[in-house]
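**Student:** prediction below, plus the sequence it came from.
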Amino acid sequence: MALTYALEKQVAISAVLRACSLTSSVFNKLVKNETVTKNDKSPVTVADYSAQAVISAILARAFPDDPIVGEEDTKTLRGDASAEVQLLKDRITSLANDALREPLKLGDDKAWRIGPDTPVLTTEELLDAIDRGNHPGGPSGRLWTVDPIDGTKGFLRGEQYAVCLALIVDSEVKVGVIGCPNLPVDWNNPEDKGVLFVAVKGQGTEQRPFSGSGSSQLKLSASTPRRLLESYESGHSSHGLSERVSKILGITEAPLRLDSQVKYGALARGDGMSYMRMPTGVGYKEKIWDHASGNLLVTEAGGIVTDSRGEPLNFGLGRTLGENYGIIGCAKEDHSSILKAIAQAQQESAKA
Ligand SMILES: Nc1ncnc2c1ncn2[C@@H]1O[C@H](COP(=O)(O)OS(=O)(=O)O)[C@@H](OP(=O)(O)O)[C@H]1O
Ligand SMILES: [Mg+2]
Ligand SMILES: [Mg+2]
Ligand SMILES: [Mg+2]
């Protein structure tokens, strides 16, 4: 009998919603010295750290034996005794405890003892929770992958970002949840923001507005707006190559540029025809937490996600997707024409 992953789905939804509530509340109060630059020069904020602590603490209560592959770790925080970093740690402690103890409107998390009666966690316990995300990943068994804020640059700009959590079992994504606090439910009504996307293997993909209790099943179709969905940051995906691809495919509409895995949700609900991510240089390996949830959202909505050569994404190689080169998501009917257009665009740009 196929597993339904009902408890995993419920826990993941509750963890993502608590983390979203935290990140939204932080945004308005974020001050400059609450952002740290990591060794790879990318930013991380108190919100990223606290959200990963919250998700990890919830997973530890519900599934204590499951490993976690998370984006953040506490090297920078533990290795610096300055007063500034102490303030950061204090803020992470109060934010995470507030989020864990907050009465939650959606989801029922009494079963894993999270809510107003949760004992207050110490700074050390929360830093340890963040570091439970240090697992190396791999091909067999259960593991969760978490990106507490995907699109940190979008978060800092007040634009799109996503809280992403996925369960992977034997290299296959089984549950994917993405919370998008700044995404309008409908682009025509930009004030109604906040969307949760949920997918379970074999059970489809749903969209739930933060503002209501309704949910809608998503079905990807080839007749969506003929525009590409791509990274906002030109350093993360080649805007030049996707422009060539658009020309080859006869797409006249400008691409919709959105930070984070919001793009996968947008594709699943028909805001564009293809998620397109083409490398901007050599050497960068895509991370599993940047694609696991989104991959399932799109495939369970009836679409397909592969690399730019048509190979499936491999979530069993560790913390990265290994040799996968570029990422394409779209309706199945569009897949081969998009891959051909990419190959042609690559040839053209090699000659140029
Ligand atoms: N060089 C390079 N190439 C490709 N991808 C990279 C690169 N550098 C970073 N990243 C990852 O991009 C994640 C942000 O997602 P997107 O690129 O889809 O969104 S956007 O760039 O913010 O528009 C971002 O996720 P977060 O760090 O969680 O924000 C990174 O993991
Ligand atoms: Mg990051
Ligand atoms: Mg990310
Ligand atoms: Mg992140």
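**Tutor:** Thanks, I have the structure now. Ligands and ions are numbered 1, 2, ... in the order given.

**Student:** so which residues make contact with stretch 4-21?
**Tutor:** With Cβ atoms under 8 Å, 6 or more residues apart in numbering as the test, stretch 4-21 has contacts from 51, 54-55, 58-59, 62-63, 99-100, 102, 104, 106-109, 111-112, 114, 148, 163-167, 174-175, 177-179, 181, 194, 196, 198, 200-201, 203, 210. Glycine gets a C-beta too; all of them are placed from N, C-alpha and C.

**Student:** going by neighbour count, list what's buried in that stretch.
**Tutor:** Using 16 or more other Cβ atoms under 10 Å as the test for burial, stretch 4-21 gives 5, 8-21.

**Student:** ok, whatever residue of the stretch 201-350 of the chain ends up closest to ligand 4 - contacts?
**Tutor:** Nearest residue of the stretch 201-350 of the chain to ligand 4: Trp289, at 7.3 Å (Cβ to the ion). By Cβ under 8 Å, 6+ apart, the contact list for Trp289 reads 69-71, 145-147, 150, 164, 166.

**Student:** kindly reformat these as JSON lines containing neighbour count, secondary structure and distance to Lys332.
**Tutor:** Shown next, in JSON lines, are the contacts of Trp289 (neighbours: other Cβ atoms under 10 Å; DSSP: H, G, I helix; E, B strand; the rest coil; distance: Cβ to Cβ, whole Å):
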{"residue": "Val69", "neighbour count": "25", "secondary structure": "strand", "distance to Lys332": "29"}
{"residue": "Gly70", "neighbour count": "26", "secondary structure": "strand", "distance to Lys332": "32"}
{"residue": "Glu71", "neighbour count": "23", "secondary structure": "coil", "distance to Lys332": "30"}
{"residue": "Thr145", "neighbour count": "28", "secondary structure": "strand", "distance to Lys332": "25"}
{"residue": "Val146", "neighbour count": "28", "secondary structure": "strand", "distance to Lys332": "29"}
{"residue": "Asp147", "neighbour count": "32", "secondary structure": "strand", "distance to Lys332": "27"}
{"residue": "Asp150", "neighbour count": "28", "secondary structure": "strand", "distance to Lys332": "25"}
{"residue": "Cys164", "neighbour count": "32", "secondary structure": "strand", "distance to Lys332": "24"}
{"residue": "Ala166", "neighbour count": "29", "secondary structure": "strand", "distance to Lys332": "22"}
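
**Student:** tell me the strands beside the host helix or strand of Asn182, with direction?
**Tutor:** Element membership for Asn182 (DSSP states H and E) is strand 172-184. Take DSSP bridges as the rule and strand 172-184 pairs in its sheet with strand 162-169 (antiparallel), strand 193-200 (antiparallel).

**Student:** make CSV out of these and add mean pLDDT.
**Tutor:** Output for the strands paired with strand 172-184, formatted as CSV (pLDDT from 0 to 100):
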stretch, mean pLDDT
strand 162-169, 98
strand 193-200, 98
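
**Student:** and those, which is most packed in?
**Tutor:** Stretch with highest mean neighbour count among the strands paired with strand 172-184: strand 162-169 (a mean of 28; mean count of other Cβ atoms under 10 Å).

**Student:** would the strand holding Asn182 count as contacting ligand 4?
**Tutor:** No. In terms of Cβ under 5 Å from the ion, no part of strand 172-184 sits within range of ligand 4; the closest distance is 12.4 Å.

**Student:** how far is that strand from where the chain is centred?
**Tutor:** Taking the mean of its C-alpha atoms, strand 172-184 sits 6 Å from the chain's own mean (Cα atoms, centre = their mean, to the nearest Å).

**Student:** close to ligand 1, is it?
**Tutor:** No. Judged by Cβ under 6 Å from any ligand atom, strand 172-184 and ligand 1 are separated, with a smallest distance of 12.1 Å.

**Student:** where does the prediction get shaky in this protein?
**Tutor:** The model of the chain has pLDDT under 70 over residues 1, 30-33, 105-111.

**Student:** please enumerate the helices of it.
**Tutor:** All helices of the chain, identified by DSSP state H, fall at 6-29, 46-62, 75-78, 83-101, 123-131, 152-157, 239-249, 262-268, 292-300, 332-351.

**Student:** tell me the angle of the second one relative to strand 172-184?
**Tutor:** Computed by axes from the mean of the first three to the mean of the last three Cα atoms, to 10 degrees, the angle separating helix 46-62 from strand 172-184 equals 140 degrees.

**Student:** list the buried residues in helix 46-62.
**Tutor:** Neighbour counts over helix 46-62 (16+ other Cβ under 10 Å) mark 46-62 as buried.

**Student:** go on, the last one?
**Tutor:** Neighbour-count burial for helix 332-351 flags 334-335, 338-339, 341-342, 345-346 (criterion: 16+ other Cβ under 10 Å).

**Student:** next: the third one.
**Tutor:** Within helix 75-78, the residues that count as buried by 16+ other Cβ under 10 Å are 76-77.
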